[in-house]
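S.K.: quick one, fold the following:
(chains A and B, ligands or ions: 2)
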Amino acid sequence: MISFRLNGKDVSVDAPEEADLLYVLLNDLKVNGSKLGCGRAQCGSCTVLLDGEAIRSCVTPTKAAEGLEVTTLEGLTTDGRPSRLQQAFIDEQAAQCGYCTAGIIMEAHALLERNPHPTDADVRSALQGNLCRCGTHNRVVRAVLRAANEA
Amino acid sequence: MAHQFRLNRRDLIRAGGFLTLSFGIAGNLSHAPAAEALKLAGDLEDTPLLSAWIRIGADETVTLMIGKVELGQGAVTAVAQVCADELDIDLKRLRMISGDTALVPNEGVTAGSQSMPNCASAVQQAAAEVRHILMELAAEKLKAPIASLTVEDGTLRGEGETKITYWELVTGRELERKATGKVKPKDVADYKYIGTSVPRLDIPAIMTGQALYIQEQRPDGMVHGAVVRPPTYKAKLKKVDTSKVEKMPGVLKVVRNGSFLGIIANRQDQAYDASSALAKDAEWDVEDDLPGDEGIFDWLRSAPMRDEEIINETAGTQHAPARVLEATYERPYQMHASIGPSAAIATLADDGMLTIQTHSQSVFETAKAIARMLGLDPAKVRCQHIPGSGCYGHNLADDAAADAALLAVEMPGKPVRVQYTRPQEHKWEPYGSAMVVKTRVGVDDSGNVLTWNLELWSTPHGTRPDGEPGNLLSARYLAKPFEMPVPENGGPPNYAADRNAIALYDFPAQRVVTHFISEMPLRVSSTRSLGAYANVFAIESTMDDLAHAAGADPVEYRLRFLKDERARDVLRSAAQKFGWEQWSKAEGRGRGIGFARYKNFAAMTAVAVEIEVNRKNGRIRLIRVVAADDSGQTINPDGIANQIEGGVIQSLSWTLKEEVRFDKTGVLSEDWKSYSYPILTFEEVPPIDVVLIDRPGEPFLGTGEAAQGPTAAALGNAVFDATGVRFRRIPFTPKRILAGLKA
Ligand code: FES
Ligand code: FES
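M.R.: Ligands and ions are numbered 1, 2, ... in the order given. Alright, predicted model coming up:
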């Protein structure tokens, strides 16, 4: 049994210790926010927050989360309502297929926690490890800056 | 608002109880003479039955069923806008079902920027006819002439206080009436949704983490499948020891069928672990006869080929050219490279029904191919489209569906989800074909084109399932293998390898020859814009060279030969927004422009690019991009802008960085690493300004692929402007730029 807090709730899962956190979140705990993109820490689509820090869940053993707080895209909402950052992504229509977007929002969330008023260059640098194949980059940057400006 | 749209199929089916229109009641249309003479709009021609498209629900909703699917491009939202407008209902009442072979009209493949011209036009006509029928019914009930009725959000009003709703008018079981083609859609001025940036219906769900993608569907009792791919394309399995893997944790079954190897396990991570272990325990006969990424262009020019002259117009040639310019362009294999590896879920039910959830672009033809692969009655195989990661053409979506099916029949009653690993996605998808394009142009004394010749060499651009098991990867490895059918090139008007190979410019003489090679060293299929990317790159780079040789401005030079007014507008708009006239060159900087009308009859797009070249390290920095586009009547401006921005970024990425690496035995590009298969990143993406030219009343043209060719050419032209060196081999890697600058 591995126990941690997931999006504000205590959870315990009976998963193999060495299973990477991504698969435990996606399949055992049935959250959608962390997605498999590469499994090699190269694309960012599996990004979640571990005690507030953006990590690649595809290369993080589940036992590393023991006793810590894991936040996924779902965890940013309040009573199902989108957070300011999520709303900014909706307002900017900052997606095409949206597969990369969950990881990008988590990375951007961590950025805004560190640096509430980033520049365009700060946002791009923070998201340098997140790949998007549909080409929504500029919309994403606009959405993050919008959320920062509305803060 | 968008929140209220219902896209979830299960909800839709649960809502059930559809009432559809009954036509026992008199209606002029049903007695109208058969519409033999009238061609119906888009896909309505193939599925003229109105009830196949639209249902009016007792619960005051309208359900629209379409065969095209959402690929992350906003197509479903755009079609919904058209339907709501034409039917005069609020968008909130509309429910969409797309891509379920058991429920929707067969609209073939969702590809080729065809969703707007074929699906949106069909829906527009179908909705207009349904509205007209409802008005006739209302006229009878309200005892008022049709012309006196008004409609608002499904409520029809006659004189005084009289009114009746769509939901009251509908009493029968079925809408079994064919479209006539005689009802005219609304006047452009009366549209409420068309032409506005209605937010995408699925975006709130994307942003808040609702289960949307196939990769996160988890039906009860689901198990996980994985496959072991051979080390090379044609490898044969010599022997395999499955005993160790069968004892690994969570492994439920090891499946072997000829050279096909699969795993079924309790957990996804266990399935992957078991498949990597199994790969180590397998021995294969491998081949080593590939030309490799350096040898591919010579190979293309010498392979067995079929030559076809697709245009030869010499009527306008009067003088012998003063000069001849010749150039050869090379495009390597490039990937679709979806961010999420392809996936599917298949379940074989007790009644023998095999249901497959898939992000395939061709649910109907894939279902048929899978049925034939498994020897099942096609009526027993159902495909349902569930969104996946963006695909940009024919990727591994259909193969994942086939692999899930191959495993599901080994474990009846259990839903089996298969998701490929990153290396599998990179190495086994069908790439965009490598191509060679050669131009040879004769000009007069002032540098104007007299004779234009283009030749291209290419392997196929279409190997979609098309009902043929041999087009499914794993079917070729089974104990009773299926042969892959020999692919054909596409003919006019769309073309495939030679898409956009005919220049749109008005030259006195033009000849184009396609050398089509059906042999495929690497697996290939439809990749965003097919041959248009390389052909437009070659044509527009050549135009730039010609302008330069003539001492002319590249925009002005193109306008000499571009006759179509809308095309001229697009080119001028891009130049103007870019500030082409005022632009002055800074050290290391360059600008370039490219133009094409996709397929020579669809969207018109011009792209202007400014870049900076670092002569020390050969790196190209993208400074800014301006694109202008005319996609006919605009349904959703922001949707078009999003497609153009995305297309520009993807094409910049292809042109700057992307090339599938392979040697004698197989593909080496297996992930996103810089030496493997890198793509453009956040820091490299430039600002992009999109100018949209709306043409109310003109046909919907579709936008998804329009920017690929013009962007590549604009980038090459900008590098030429910055360095004075012409780069004709894609991608423009720092190594090649440095070598070019030294030469
Ligand atoms: S899936 Fe984890 S970084 Fe790509
Ligand atoms: S929106 Fe499709 S990969 Fe980013």
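
S.K.: for the rest of this, base every contact and every neighbour count on C-alpha atoms.
M.R.: Will do.

S.K.: nearest residue to the middle of chain A?
M.R.: What sits nearest the mean C-alpha location of chain A, by Cα atoms, centre = their mean, is A:M106, with 2.8 Å.

S.K.: so it is in which element?
M.R.: With secondary structure defined by DSSP states H and E, A:M106 is part of helix A:101-114.

S.K.: relative to the whole chain's centre, how far out is that helix?
M.R.: 6 Å (Cα atoms, centre = their mean, to the nearest Å).

S.K.: just the helices from chain A, written as ranges.
M.R.: Shown for chain A, the helices assigned by DSSP state H span residues A:21-23, A:84-91, A:101-114, A:120-126, A:137-149.

S.K.: pick the most deeply packed of the ones you listed.
M.R.: Each of the helices of chain A was given a mean neighbour count from mean count of other Cα atoms under 10 Å in any protein chain shown, and the largest, a mean of 26, is that of helix A:21-23.

S.K.: show me what that helix is packed up against.
M.R.: Other helices and strands packing on helix A:21-23, by 3 or more Cα pairs under 8 Å, 6 or more residues apart in numbering or on different chains; DSSP states H and E, are absent; none qualifies.

S.K.: residues contacting that helix, please?
M.R.: Helix A:21-23 is touched from outside by A:34-36, A:46, A:57-62, A:65, B:268-269, with contacts defined as Cα atoms under 8 Å, 6 or more residues apart in numbering or on different chains.

S.K.: return only those of those residues found close to ligand 1.
M.R.: Judged by Cα under 6 Å from any ligand atom, the overlap between the contacts of helix A:21-23 and the neighbourhood of ligand 1 comprises A:L36, A:C46, A:S57, A:C58.

S.K.: who wins for neighbours among those residues?
M.R.: Within those, most neighbours by other Cα atoms under 10 Å in any protein chain shown means A:C46, with 35 neighbours.

S.K.: near ligand 2, which residues of chain A?
M.R.: On the criterion Cα under 6 Å from any ligand atom, ligand 2 has as its neighbours in chain A the residues A:A95, A:Q96, A:C97, A:G98, A:Y99, A:C100, A:T101, A:C132, A:R133, A:C134, A:T136.

S.K.: can I get those in TSV including pLDDT?
M.R.: As requested, the residues of chain A next to ligand 2 are arranged in TSV below (pLDDT from 0 to 100):
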residue	pLDDT
A:A95	96
A:Q96	95
A:C97	95
A:G98	96
A:Y99	97
A:C100	98
A:T101	97
A:C132	98
A:R133	98
A:C134	97
A:T136	98
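
S.K.: and the residue in the stretch 351-500 of chain B positioned nearest to ligand 2, how many neighbours?
M.R.: Of the residues in the stretch 351-500 of chain B, the one nearest ligand 2 is B:G390, at a distance of 5.1 Å by Cα to the nearest ligand atom. Other residues lying near B:G390 total 27 when counted by other Cα under 10 Å.

S.K.: ok, B:A575 next?
M.R.: For B:A575, the tally of surrounding residues (other Cα under 10 Å) stands at 21.

S.K.: that one and B:R476, how far apart?
M.R.: B:A575 sits 50 Å away from B:R476 when distances are taken as Cα to Cα, to the nearest Å.

S.K.: does ligand 1 sit close to the helix holding A:M106?
M.R.: No: looking at helix A:101-114 against ligand 1 by Cα under 6 Å from any ligand atom, there are no contacts, and the closest approach is 8.8 Å.

S.K.: ok so, going back, out of the contacts of helix A:21-23, who's nearest B:R440?
M.R.: Relative to B:R440, the closest of these is A:L36; by Cα to Cα it sits at 47.5 Å.

S.K.: just to revisit the earlier point, can I get the ones next to ligand 1 among the contacts of helix A:21-23 in JSON lines including pLDDT?
M.R.: Listed next are these as JSON lines, based on pLDDT from 0 to 100:
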{"residue": "A:L36", "pLDDT": "98"}
{"residue": "A:C46", "pLDDT": "98"}
{"residue": "A:S57", "pLDDT": "98"}
{"residue": "A:C58", "pLDDT": "98"}
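
S.K.: now, which of those residues lie close to chain B?
M.R.: Residues shared between these and the neighbourhood of chain B are A:L36 [Cα under 8 Å from any Cα of the partner chain].

S.K.: can you name the residue of chain A nearest ligand 1?
M.R.: Scanning chain A for proximity to ligand 1 using Cα to the nearest ligand atom identifies A:A41 as nearest, at 3.4 Å.

S.K.: so that residue touches A:C58, yeah?
M.R.: Yes: using Cα atoms under 8 Å, A:A41 is in contact with A:C58, at 6.7 Å.

S.K.: which neighbours do the two have in common?
M.R.: Shared contacts of A:A41 and A:C58, defined by Cα under 8 Å, 6+ apart, are not found at any residue.

S.K.: can you pull the contacts of B:G470?
M.R.: For B:G470, the contacting residues are B:R476, B:P481, B:F482, B:E483, B:M484, B:P485, taking Cα under 8 Å, 6+ apart as the criterion.

S.K.: following the record's annotation, map out the domains of chain B.
M.R.: With automatic domain parsing serving as the domain definition, the record reports that chain B contains domains spanning B:2-203, B:214-286+B:342-419, B:303-333+B:431-461+B:496-742.

S.K.: then chain A?
M.R.: A:2-75, A:84-150.

S.K.: turn those into TSV, including distance to B:N500.
M.R.: Output for the domains of chain A, formatted as TSV (distance: least, Cα to Cα, whole Å):
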stretch	distance to B:N500
domain A:2-75	34
domain A:84-150	23
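
S.K.: residue ranges with poor pLDDT in the chain?
M.R.: Chain wasn't specified; assuming chain A. Within chain A, no range satisfies pLDDT under 70.

S.K.: meant chain B actually
M.R.: B:1-37, B:112, B:172-175, B:317.

S.K.: apply 80 and report the result again.
M.R.: Filtered on pLDDT under 80, chain B yields the residue ranges B:1-38, B:72, B:110-116, B:170-176, B:315-318.

S.K.: residues from it in reach of ligand 2?
M.R.: Residues of chain B lying close to ligand 2 by Cα under 6 Å from any ligand atom are B:I339, B:G390.

S.K.: quick one, helices of the stretch 501-650 of chain B?
M.R.: Shown for the stretch 501-650 of chain B, the helices assigned by DSSP state H, counting those that start in this stretch span residues B:532-550, B:554-561, B:565-578, B:637-657.

S.K.: quick one, what contacts the closest residue to B:I89 other than its chain neighbours?
M.R.: Excluding its sequence neighbours, the residue lying closest to B:I89 (Cα to Cα, 6 or more residues apart in numbering or on different chains) is B:D153, at 3.8 Å. Residues in contact with B:D153 (Cα under 8 Å, 6+ apart) are B:D88, B:I89, B:D90.

S.K.: just among those residues, which is most surrounded?
M.R.: Using other Cα under 10 Å as the contact criterion, the top neighbour count among those goes to B:D88, which has 22 neighbours.

S.K.: just checking, it touches B:L156?
M.R.: No: using Cα under 8 Å, B:D88 is not in contact with B:L156, being 9.8 Å away.

S.K.: from B:M207, how far off is A:Q93?
M.R.: The value you get for A:Q93 to B:M207, if Cα to Cα is used, is 10 Å.

S.K.: could you find the closest non-adjacent residue to B:P423?
M.R.: Spatial nearest neighbour of B:P423, chain neighbours left out: B:E670 (4.4 Å); criterion: Cα to Cα, 6+ apart.

S.K.: and if you look at B:W284?
M.R.: Take B:W284 and drop its neighbours on the chain: the residue closest to it by Cα to Cα, 6+ apart is B:L237, 4.5 Å away.

S.K.: would you map the helices across the stretch 101-250 of chain B?
M.R.: In the stretch 101-250 of chain B, helices defined by DSSP H, counting those that start in this stretch lie at B:121-142, B:166-169, B:203-208, B:243-246, listed in chain order.
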